[in-house]
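>>> Next one to model:
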Amino acid sequence: MNGADQLCDTLLANGVDVCFANPGTSEMHFVAALDRKPQMRCVLGLFEGVVTGAADGYARITGKPAATLLHLGPGLANGLANLHNARRARSPIVNVVGEHATYHQQYDAPLTSDIESLARPMSHWVHRIAAPEAVGKDTARAVGEALRKPGQVATLILPADCAWGELPKDTRPVQARLLAAPAPDVQHIEHVARAMLRAIQAEEQVVLFLGPQALEPEALQIAGRIAQATGARLMTPTAFRRMQRGRGAVAVERLPYVVDAGLQALAEVQQLVLLGAPQPVAFFAYPGKPSTLAPAGCAIHTACSPEEDALLALQALATALGVDRKAPLAVQAAGHIHAPTSGPLTASAVNLVALQALPEGAIVVDESITSGRDIAAHNMQAVPHDWLVITGGAIGQGIPTAVGAAIGAPSRQVVAFQADGSAMYTCQGLWTQAREKLKCLTIIYANRSYAILHGEMKAVGTQTPGENAQRMLTLDQPAIRWTQLAESMGVPAVRCETVEEFRKALQAGLAENGPFLIESVI
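Numbering: from 1, shown residues only. So this is what the prediction gives:
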């Protein structure tokens, strides 16, 4: 029994039974311990951004943390972009970052770095283990911190000698102390309810702005009843962790990404109620445009902070408004997705045909960026499914998040709507999909450009990019051959240029009991 065994035992005793890993020398004792723990599913990622993105996807679907295993500071640094996304999603994750043995750190070996400084901006909690005897207690603390509502990224630094240090054979795993989310202030919520009632009586427009906990099924049902009884609109930030969509789901508007569209969506709002979400702001600053999107004069009320229990807040708000929380909830009538049956392939055709073909219970991982902006307008007419989107704006999230979602829900079909430029950041995740035989269908929008940046150039005032700018925005010299890239990693793939070809490819991909990729040339 050594420190690494104790770490594994404590993770398993607290329900953490998946480890996404890209280990190195400092982590070999942990790897050896994993070999002695068959209950732990170990998933290799060929790049640390795949590892951290997969842990994010797993957490979003299961609601519980996976562990990641990362090699020293540089390995952690490679995974930081998707830890940024996970932090913004409030996904529970336990990072285990290997470190040089405590006595070796003084020699400034080539891989020595300030791991705490690297970890802190993308973690809610960071801790360095000091001795083998502290491994169990510190690991249990990390799990408890990860599970702190609405979810946290916890990073645990494991020096090699703390991993190999011997412990008594009868050392037991340590149970995590689970911390309940703080209850919201009911009196304040009653004040918010009175302001809402006054606004409704005055025929003012009210928006409930929903954060991650408020989008969970039970909470969202209450929000739907409040909207039904009061006429308030339900809206979520552009970036959200997970939302149920499709026929029968509670309809929630997604705040548009484009700043002008976001301003228009909120232009008539007089009362904005925040339920575990920050106030709406633009992704970026633009010359002559505001950073905050709520109109001047709009009253903004915080019913609960992101750390407070949004379900309790919605229950209290419903009570204060006189809304029956058990009243039948009218849902959107079944609609129909009008998708083309033939013709050249376009981004819109990809979206409509794919949504039309979704199997019930699918998990949609959406990193479509520009090409998928009309998905929100149509996915309520699809069959019931979960919708996961890029949260922190750090691209390269889609393929890894699909990996984690598929491991978290192996019986469900995962469909990844994936922009081609961002897919190249973490395309190594396709190899993991093949190795683990995951039911992941990846749809690549092959427009051979960073299309979003064309729009951003215009937004900042550059209407006609020159040759140098164009070379920064296009991906066509040479064009990426996605079918060859996917097949080299063990993923069957087809290339489509017409709607007819795309429909046939979708049928084949959804029938595949494993990964499949469609290169959609648009």
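>>> I'd like the next helix or strand past the lowest-mean-pLDDT helix or strand in the chain.
The helix or strand of the chain with the poorest confidence is helix 451-459; it has a mean of 67 (mean pLDDT, DSSP states H and E). Following helix 451-459 in sequence order, the next helix or strand is helix 467-473 (DSSP states H and E).
>>> In terms of secondary structure, what does that following helix contact?
Applying 3 or more Cβ pairs under 8 Å, 6 or more residues apart in numbering; DSSP states H and E, we find helix 467-473 packed against helix 451-459. Yep, even glycine has a C-beta here, placed from its N, CA and C like the rest.
>>> ranges for the helices of the stretch 351-500 of the chain?
Per DSSP state H, counting those that start in this stretch, the stretch 351-500 of the chain carries helices over the ranges 375-378, 398-408, 420-423, 429-436, 451-459, 467-473, 482-488, 499-511.
>>> Which other helices and strands does the second one contact?
In terms of contacts (3+ Cβ pairs under 8 Å, 6+ apart), helix 398-408 is packed against strand 18-22, strand 41-44, helix 48-62, strand 362-367, strand 414-419, helix 420-423, helix 429-436, strand 440-446.
>>> what is the mean pLDDT for it?
The pLDDT scores in helix 398-408 average 98.
>>> got the angle between it and strand 440-446?
Relative orientation of helix 398-408 and strand 440-446, computed by axes from the mean of the first three to the mean of the last three Cα atoms, to 10 degrees: 170 degrees.
>>> what's the spacing between N14 and C8?
From N14 over to C8 the distance is 11 Å, taken as Cβ to Cβ, to the nearest Å.
>>> meant to ask about I363, not that
Per Cβ to Cβ, I363 is found 28 Å from C8.
>>> what's the burial count for R481?
Neighbourhood size, R481 [other Cβ atoms under 10 Å]: 14.
>>> next one: the one 10 residues further on
Other residues near V491 come to 23 when the count uses other Cβ under 10 Å.
>>> do G490 as well
Counted with other Cβ under 10 Å, residues neighbouring G490 total 15.
>>> now G297
7.
>>> Comparing the helices of the stretch 351-500 of the chain, which comes out most buried?
With neighbours defined as mean count of other Cβ atoms under 10 Å, these peak in mean count at helix 398-408, which reaches a mean of 31.
>>> And stretch 398-416, end to end?
By Cα to Cα, to the nearest Å, the extent of stretch 398-416 from end to end equals 7 Å.
>>> where does the protein have low pLDDT?
For the chain, the stretches with pLDDT under 70 are 332-334, 449-452, 454-455, 457-463.
>>> Which residues are in contact with the residue nearest to P132 when sequence neighbours are not counted?
In space, and not counting its chain neighbours, P132 is closest to G165: 3.1 Å by Cβ to Cβ, 6 or more residues apart in numbering. Residues near G165 by Cβ atoms under 8 Å, 6 or more residues apart in numbering: 2-3, 131-132.
>>> Please report the distance of G165 from T102.
Computed as Cβ to Cβ, the G165 to T102 distance reads 10 Å.
>>> okay, N14 and C8: which has more neighbours?
Remark: of N14 and C8, C8 carries more neighbours, 26 against 23, as counted by other Cβ under 10 Å.
>>> Give the other helices and strands that the helix or strand hosting the more buried one contacts.
Using DSSP H and E, the element containing C8 is helix 3-13. With contacts defined as 3+ Cβ pairs under 8 Å, 6+ apart, helix 3-13 has these neighbours: helix 28-35, helix 135-146, strand 153-159, helix 160-164.
>>> The same query, at a cut-off of 10 Å, please.
Contacts defined by 3 or more Cβ pairs under 10 Å, 6 or more residues apart in numbering; DSSP states H and E place helix 3-13 against strand 18-22, helix 28-35, strand 67-70, strand 93-99, helix 135-146, strand 153-159, helix 160-164.
>>> May I see the buried residues of that helix?
By 16 or more other Cβ atoms under 10 Å, the buried positions in helix 3-13 come out as 3-11, 13.
>>> and if you look at stretch 328-341?
Buried-residue list, stretch 328-341, by 16+ other Cβ under 10 Å: 337, 339-340.
>>> Dump these to JSON lines, plus secondary structure and distance to G396.
Output for the buried residues of stretch 328-341, formatted as JSON lines (DSSP: H, G, I helix; E, B strand; the rest coil; distance: Cβ to Cβ, whole Å):
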{"residue": "I337", "secondary structure": "coil", "distance to G396": "29"}
{"residue": "A339", "secondary structure": "coil", "distance to G396": "29"}
{"residue": "P340", "secondary structure": "coil", "distance to G396": "31"}
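>>> end-to-end on stretch 244-253?
First-to-last residue span, stretch 244-253, Cα to Cα: 12 Å.
>>> meant to ask about stretch 209-222, not that
End residues of stretch 209-222 are separated by 14 Å (Cα to Cα).
>>> where does that stretch sit relative to the chain's centre, distance-wise?
Computed by Cα atoms, centre = their mean, to the nearest Å, the chain-centroid distance of stretch 209-222 equals 16 Å.
>>> For the residue nearest to I189 when sequence neighbours are not counted, give me the backbone phi and psi.
Of all residues not flanking I189 in the chain, A316 sits nearest, at 4.5 Å (Cβ to Cβ, 6+ apart). Main-chain torsions, A316, degrees, to the nearest 10: phi -70, psi -40.
>>> who touches E307 in this structure?
Counting by Cβ atoms under 10 Å, 6 or more residues apart in numbering, E307 makes contact with 90, 148-150, 152, 181-182, 213, 276.
>>> Please report the distance of it from I189.
Distance, E307 to I189, by Cβ to Cβ: 16 Å.
>>> hmm, back to that, could you work out the most separated pair of the contacts of G165?
N2 and A131 (12.2 Å; Cβ to Cβ).
>>> more crowded one of these two?
Between N2 and A131, counting by other Cβ under 10 Å, N2 is the more crowded of the two (19 against 13).
>>> Distance of that one relative to R128?
In terms of Cβ to Cβ, N2 sits 18 Å off from R128.
>>> same check, this time on R435
32 Å.
>>> what sits opposite V97 in the beta ladder?
Per DSSP bridges, the residues bridged to V97 are L70, I157.
>>> Would you confirm that it contacts L111?
No - with contacts counted by Cβ atoms under 10 Å, V97 stays clear of L111, the gap being 11.8 Å.
>>> Those two: which has the busier surroundings?
The neighbour comparison of V97 against L111 (other Cβ under 10 Å) goes to V97, with 26 against 16.
>>> Contacts only, for that one.
V97 sits in contact with 26-27, 68-73, 75-76, 79, 115-116, 118-119, 123, 126, 128, 155-158, where contact means Cβ under 10 Å, 6+ apart.
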